[in-house]
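Asks: Pasting the sequence and the predicted coordinates here, then a few questions.
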Amino acid sequence: MVELMNATSLTREGATQTAQNEVVLNAAYINGDWIEIEAPATDSDNTDFDHTNNHALYDPNSGEVIATTRLCTNNHVETAVKAASEAYDSWSQIDVSERARYLNAIAASMEQQFDKLVGLSVLNNGKPIEEAKIDVGDAIACYRYYANLISDQDTWSEVSTLESGLRLLKTYAPVGICALITPWNFPMVTTAWKLAPALAAGCTVLLKPSEVTLLPELMLGNILSKIGLPKGVVNILPGAAEVGAAMTSHPHIDKVSFTGSNVVGEKVMSQAATSVKDISLELGGKSAIVVCADADIDHACDLIIGGIFTNAGQICSATSRLIVHQSIAEPLFATLKAKTESLQIGDGFDADTQMGPLVSVQQLNQVKNYFDIATIEQLTCLTGGEVIDAAGYFVSPTIYTEVPTTSQLWMEEVFGPVLVSTTFTDNAEAIRLANDSKFALAATIVSADEAAALEMALQIQAGHIWINEQQIVLPEAGWGGFKQSGIGRELGSDGLSAYQKSKHVLLTD
Ligand code: NAD
């Protein structure tokens, strides 16, 4: 358990002070230094990558600007690629124990800065404090996990073969220079899931965090600087789509690991195609929660609420489609409505808050658009369906019942606190409904019969399934989906393999 280090950082005033005094704005972290991002000359050539370059960071609770910063241009990408290339030979060849030492140092330093990172996350993302603690805590666990994993690995392993007189050996080499691109919903953890295995494998990286939640991500630059990570191993580029495009199409980048929306994921895939880069994509979801006839209704409702209203539904694995057995639908929806309507909506810094605002006005408009579609489709609204009249980006937690599978809300990722539901009468129908999606990231099954639930888990298309459990993601478990939820796996040993290439050596026995 991570101890609280500094209670004042967990207030809006404290987090604002951290943002003002400790986050380096108008700068990119390149080659171990903060490089100032200059304001563009007013008469500069208007290239694709030149823009007004004043970028505001908002407090989603109030809609007010917390800070203004500048974003990188493609020149910074060139400088960062050069730095990562120069650092590569040394970093990829140092002993794994050294790389493990740096990973543990990142974890320890994050732990020291725990409250500041949590505070910045609440301030910039709007999530409640307890959820921000999970984001930062899981990130710390991830750096430690990969430090341990590589410490336990031998350089060579013997591959058993049927041939006599020959020996086959296997080793792993780092994939090269990586472009890591992350979204805003869990800034620390989505970064750690990429950065920790990339560093563990011996890769050097360009990291482009989401331009929406730069405050906690830029603090990471301070941490890397403080622990003395060799220059150029990690380069952090605050930037938007243009910088992401420049990174993912750069001829000297060997691997792209992207987490974000499908719309952008498709672009990233084609940008990376030109120089045949290795690619990992963690994309969207429309995951199912199946509640069987024998489920404990109260526990099921807690899992449903956790699965869709955590982080105001802005989770890739949000179980946003509820599939409930017909026989328990009536009491379940009564309990679910009551529990949902008693959720405390408000400021993430308020200890009582259970659901905060959406991250941005764009996200607010996206969710509002789905409320309008639900009205046009005449969906039955059990609760919610409204934008909350407040300064910040708040919507009410929303549940629609008897939603047809042809509805846009059944098929598309809303990325907000919006649950659609339907009923089933036998397990085969539940499985068919759960698999009725172009996405296949995660799922939850609630049942008193563990054997039946495990049987169902075999047939549901998803990369991660919880049975009677909340959405805990252990560092040991691979993370990623089937179908259009992405390509590849993060976390676990698969997450390390994503940054390695195997190499075989054959010799006489
Ligand atoms: P987004 O796709 O809008 O942006 C993601 C990142 O891509 C940002 O850093 C953005 O600046 C960058 N980007 C934008 N255009 C680019 C381009 N042309 N080339 C390269 N990079 C570009 O996503 P978002 O709104 O930040 O995040 C929400 C989405 O992320 C949801 O769809 C969610 O399901 C998904 N997500 C998936 C997972 C997972 O593990 N599968 C985890 C978290 C979020």
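Replies: Sure, I can see it.
Asks: so Cys292 makes contact with Ile445?
Replies: Yes. Using CB atoms under 8 Å, Cys292 makes contact with Ile445 at a distance of 7.2 Å. (C-beta placed from N, C-alpha, C; glycine too.)
Asks: between the two, which one's more packed in?
Replies: It is Ile445, of Cys292 and Ile445, that has more neighbours when counted by other CB atoms under 10 Å, with 29 against 22.
Asks: On the three-state scheme, the most centrally placed residue in the chain is what?
Replies: Geometric centre of the chain, nearest residue: Thr190, 3.7 Å, by CA atoms, centre = their mean. On the three-state scheme (DSSP: H, G, I helix; E, B strand; the rest coil), Thr190 is labelled helix.
Asks: From the ligand, how far out is the residue lying closest to it once chain neighbours are set aside?
Replies: Among residues not flanking Thr190 along the chain, Thr182 sits closest, at 4.5 Å (CB to CB, 6 or more residues apart in numbering). Separation of Thr182 from the ligand (CB to the nearest ligand atom, to the nearest Å): 6 Å.
Asks: ok, back up a step: next, the contact list for the residue nearest to the centre of the chain, please.
Replies: By CB atoms under 8 Å, 6 or more residues apart in numbering, Thr190 lies in contact with 182-183, 259, 282.
Asks: Now, those that are in strands?
Replies: 259, 282 (DSSP state E).
Asks: Counting neighbours, what do you get for Trp410?
Replies: So Trp410, with other CB under 10 Å, has 21 neighbours.
Asks: next one: Lys501
Replies: Lys501 is flanked by 15 other residues according to other CB under 10 Å.
Asks: Is the ligand within reach of the lengthiest helix in the chain?
Replies: Longest helix in the chain, counting residues (DSSP state H): helix 129-151. No. Helix 129-151 stays clear of the ligand (CB under 6 Å from any ligand atom), getting no nearer than 11.2 Å.
Asks: how about that helix: buried residues?
Replies: The neighbour-count check on helix 129-151 (16 or more other CB atoms under 10 Å) flags 129, 131-147, 149-150 as buried.
Asks: OK, contacts around the closest residue to the ligand within the stretch 151-300 of the chain?
Replies: Residue nearest to the ligand within the stretch 151-300 of the chain: Gly244 (2.2 Å; CB to the nearest ligand atom). Counting by CB under 8 Å, 6+ apart, Gly244 touches 179, 181, 208, 264, 268.
Asks: Would you mind listing the residues in contact with the second one?
Replies: What that stands for is Ile181. Counting by CB under 8 Å, 6+ apart, the residues that Ile181 touches are 208, 244, 247-248, 256-260, 268.
Asks: List the ones among these that fall in helices.
Replies: 244, 247-248, 268.
Asks: Got the phi and psi for the closest residue to Asp509 other than its chain neighbours?
Replies: Distance criterion CB to CB, 6+ apart; nearest residue to Asp509, sequence neighbours excluded, is Arg167 at 4.7 Å. As for Arg167, its main-chain torsions (degrees, to the nearest 10) stand at phi -120, psi 140.
Asks: and Arg167, how many neighbours?
Replies: 13.
Asks: Equivalent analysis for Ser160, please.
Replies: For Ser160, using other CB under 10 Å, the count is 5.
Asks: Could you report the distance from it to Gly481?
Replies: Per CB to CB, to the nearest Å, Ser160 is found 32 Å from Gly481.
Asks: what's the spacing between the closest residue to the ligand within the stretch 1-150 of the chain and Ser9?
Replies: Across the stretch 1-150 of the chain, the shortest distance to the ligand (CB to the nearest ligand atom) belongs to Leu71, at 9.6 Å. Distance from Leu71 to Ser9, counting by CB to CB: 26 Å.
Asks: Fine by me, we can end here.
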